[in-house]
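Q: Predicted model and sequence follow; I will ask about them next.
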Amino acid sequence: MSPLVAGLLQVGILIAALAVVYRPLGDYMARVFRVQEAETQKHSKVELAIYRFARIDPDAEQKWSTYAYGVLGFSFVGIMFLYVIQRIQSVLPFNFDRGNVPEGMAFNTAISFVTNTNWQSYVPEAVMGHTVQMIGLTVQNFVSAAAGLAVAVALIRGFVRHQTDRLGNFWVDLTRGALRILLPLAFVFAIVLIALGVTMSLKSGVDVDGQTIANAPVASQEAIKELGTNGGGVLNANSAHPFENPNEWTNLIEIFLLLVIPVALTRTFGRMVGQNKQGYVLLGVMGTIWAAMLAVIWGAEASGLRPLEGKELRFDVAGSALFANSTTGTSTGAVNSWHDSFTGLGGGGTLLNMLFGEMTPGGVGTGLYSILVMAIIAMFLAGLMVGRTPEYLGKKLGRREVTAAAVSILAMPTVLLVGAGIAAILPSTQGVLNNSGEHGLSEILYAYASASNNNGSAFGGITVTNDWFQSSLGVCMLFGRFIPIIAVLALAGSLAAQKKVPVTAGTLPTTGPLFASLLGASIVLVAALTFVPALALGPIAEALL
């Protein structure tokens, strides 16, 4: 079988698997978040026990501001907890004499995992013990993804509800997302990965011919690492390591896991707004851009001078390109190849995926609310062209709504370009780059794009362990995560307070190809207008020279 046929077969199997689970998983997630509004069977016994322990009234709905305080407060506590347990690691069990994590690294790592970024400025098997990994980082893999789900659901309720200031209860949405969606799926796929060869051990390593090879409880963390679009590996080589990703089938399953929830959430959206076609349109736009970028990255790598450079032979070019395109399109951050070794066009493709704003299809929850924000921008642009107040899903998009959408969209480019610009002119930066010129600029841009978009994947070729990078990338992760969340929840509150606007002859349909084209063009146009100057000096110049 030729590499091209094998690659196409992998893509076909992946799409078929996603199609099979699309409706049942999407419908199930809609029921999970709708059950709060039902009169019966509202909370399970386990959930009630959690609510009683945390002194939460699960039946009390919240305003958008209270909902936002919940997200921010929960995340702040998570950062503090993660920071502290890293700093006292030497007294915790299963630390393997790895000592306490240095202050700057602990700060960066705590923010990274709470913001669902999972950027790693450390070598896991040399720095983190199993206790910090399991009760700290892995727990955040679940709850940071569940927080993203909760924000997306709150925005959907903003469209669905009318003349109310209530968006649901953050604590209930967080608990249900973690217990009813992420935990069962992660458990099942951890078993599947173990069966296919992924390791699972509490030992620090195995001795082979006089050498110790690092090991860890990999499979349980590998499943949620991909499913929650987190990406932080328990081994430094991440999904290129044979203990994390031993063969073609585990590679395909891991790609499936990082795509499945963001894709199925478009079905959830359609079900919750009562129009499945609305979800299909979003999925069509996401899928079209994802497929186009896959063609660019795969084509560039297959036709490069050294197509296998930086790639694992067991995955070949197609398996590497498919993983790279999916992980940078979903804000996951896991890698199975060395993006720094990609061609100028291929590496630029992975960077551009992040610069689209992580909505093709984006992270768990973040992808859906990001493309809904972009849909509002698209409708606003359409309204400007025809001279009437734009509407979307029966809600008018006035100054407050468009302002909130604009703040959400502009937060990422602002922190990315400011951070990368400062880093590029610092004299100390030259000493941490493996390359100079346009490729060196690509390494800087990629690092800040990864942090600001809460992606977490590493381009490689840049060492980011000094105080400037630890601090500035941490700030980018914080602002890139929470400014859009606050803006999205404010947007949801404003939408929920409105009454429903009836459909008239002047209403632009949002279930057809015209709106899909407008939305897709808006995503590409915003990214192009914002980043082309920077890209021209980095990957575009590298591809042309």
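A: Arrived safely.

Q: Tell me where the chain is predicted with low confidence.
A: Low-confidence segments of the chain (pLDDT under 70): 35-41.

Q: residue ranges of the strands in it, please?
A: Using DSSP state E, the strands found in the chain span residues 205-208, 211-214, 391-392, 395-396.

Q: Including mean neighbour count and distance to Arg87, could those strands go into CSV?
A: C-betas here are computed from N, CA, C, even on glycine. Below are the strands of the chain laid out as CSV (neighbours: other CB atoms under 10 Å; distance: least, CB to CB, whole Å):
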stretch, mean neighbour count, distance to Arg87
strand 205-208, 11, 24
strand 211-214, 13, 23
strand 391-392, 22, 47
strand 395-396, 19, 47
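
Q: Pipe these into TSV and attach distance to Ala240 per row.
A: Shown next, in TSV, are the strands of the chain (distance: least, CB to CB, whole Å):
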stretch	distance to Ala240
strand 205-208	18
strand 211-214	14
strand 391-392	42
strand 395-396	45
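
Q: gap between stretch 161-175 and the chain center?
A: The chain centroid and the centroid of stretch 161-175 are separated by 23 Å, computed with CA atoms, centre = their mean, to the nearest Å.

Q: That stretch: which residues count as buried?
A: Residues 161, 166-175 are the ones in stretch 161-175 that count as buried (16 or more other CB atoms under 10 Å).

Q: What of stretch 534-545?
A: By neighbour count with 16+ other CB under 10 Å, stretch 534-545 contains the buried residues 534-535, 537-543.

Q: Of the buried residues of stretch 161-175, which belong to helices?
A: By the criterion of DSSP state H, membership of the buried residues of stretch 161-175 in helices covers 170-175.

Q: Need the max-distance pair from those residues.
A: Maximum pairwise distance in those, criterion CB to CB, is 9.5 Å, between Phe170 and Thr175.

Q: who's in contact with Met359?
A: Met359 makes contact with 286, 367, 370-371, 374, 523, according to CB atoms under 8 Å, 6 or more residues apart in numbering.

Q: and stretch 114-126, which residues are buried?
A: 114-122, 124-125.

Q: swap in stretch 240-248?
A: The neighbour-count check on stretch 240-248 (16+ other CB under 10 Å) flags 240-246, 248 as buried.

Q: Can you check the distance spanned by it, start to finish?
A: Start to finish, the residues bounding stretch 240-248 are 11 Å apart (CA to CA, to the nearest Å).

Q: likewise stretch 309-317?
A: Start-to-end span of stretch 309-317 (CA to CA) is 9 Å.

Q: got it, and stretch 325-339?
A: This stretch, stretch 325-339, spans 11 Å end to end (CA to CA).

Q: Show me how far it is from its chain's centre.
A: The chain centroid and the centroid of stretch 325-339 are separated by 10 Å, computed with CA atoms, centre = their mean.

Q: same thing with stretch 442-456?
A: Distance, centroid of stretch 442-456 to centroid of chain: 13 Å (CA atoms, centre = their mean).

Q: Repeat that for stretch 435-448.
A: 22 Å.

Q: Now it: buried residues?
A: Buried residues in stretch 435-448, counted by 16+ other CB under 10 Å: 438-448.

Q: Among those, which ones are in helices?
A: Short answer: those in helices (DSSP H) are 438-448.

Q: Of the buried residues of stretch 240-248, just say which sits nearest to Val418.
A: Ala240 (31.8 Å).

Q: Can you report how many residues neighbour Ala54?
A: Number of residues near Ala54 (other CB atoms under 10 Å) recorded here: 10.

Q: With Arg55 instead?
A: Close neighbours of Arg55, defined as other CB under 10 Å, add up to 6.

Q: May I have the phi/psi pair for it?
A: Backbone torsions of Arg55, given as degrees, to the nearest 10, read phi 60, psi 50.

Q: got the buried residues of stretch 114-126 as CSV, with distance to Gly299 columns?
A: What follows is the buried residues of stretch 114-126, written out as CSV (distance: CB to CB, whole Å):
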residue, distance to Gly299
Val114, 37
Thr115, 33
Asn116, 30
Thr117, 29
Asn118, 29
Trp119, 28
Gln120, 30
Ser121, 32
Tyr122, 35
Pro124, 33
Glu125, 35
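
Q: Sitting in helices, which of these do you find?
A: 114, 124-125.

Q: Specify which member of the residues you listed is nearest to Phe33.
A: Val114 (22.3 Å).

Q: Quick check: Phe243 touching Met200?
A: No: contact status for Phe243 versus Met200: not in contact, 9.5 Å apart, counting by CB atoms under 8 Å.

Q: Common neighbours of those two, please.
A: Among the neighbours of Phe243, those also in contact with Met200 (CB under 8 Å, 6+ apart) are Val218.

Q: thinking again about what came up before, what's the farthest-apart pair in the buried residues of stretch 161-175?
A: Largest separation among the buried residues of stretch 161-175 by CB to CB: Arg161 and Thr175, giving 20.9 Å.

Q: And for stretch 21-37, what's in contact with it?
A: Under the criterion CB under 8 Å, 6+ apart, residues 41-42, 149, 153, 156, 168-169, 172-173, 176-177, 180-181, 260-261, 263-268, 270-272, 279 lie in contact with stretch 21-37.

Q: ugh, typo on my part, it should be stretch 299-312
A: Against stretch 299-312 from outside (CB under 8 Å, 6+ apart): 3-4, 240, 316-321, 336-346, 349, 543.

Q: returning to what we had before: can you flag which of the contacts of Met359 belong to helices?
A: Of the contacts of Met359, the ones assigned to helices by DSSP H are 286, 367, 370-371, 374, 523.
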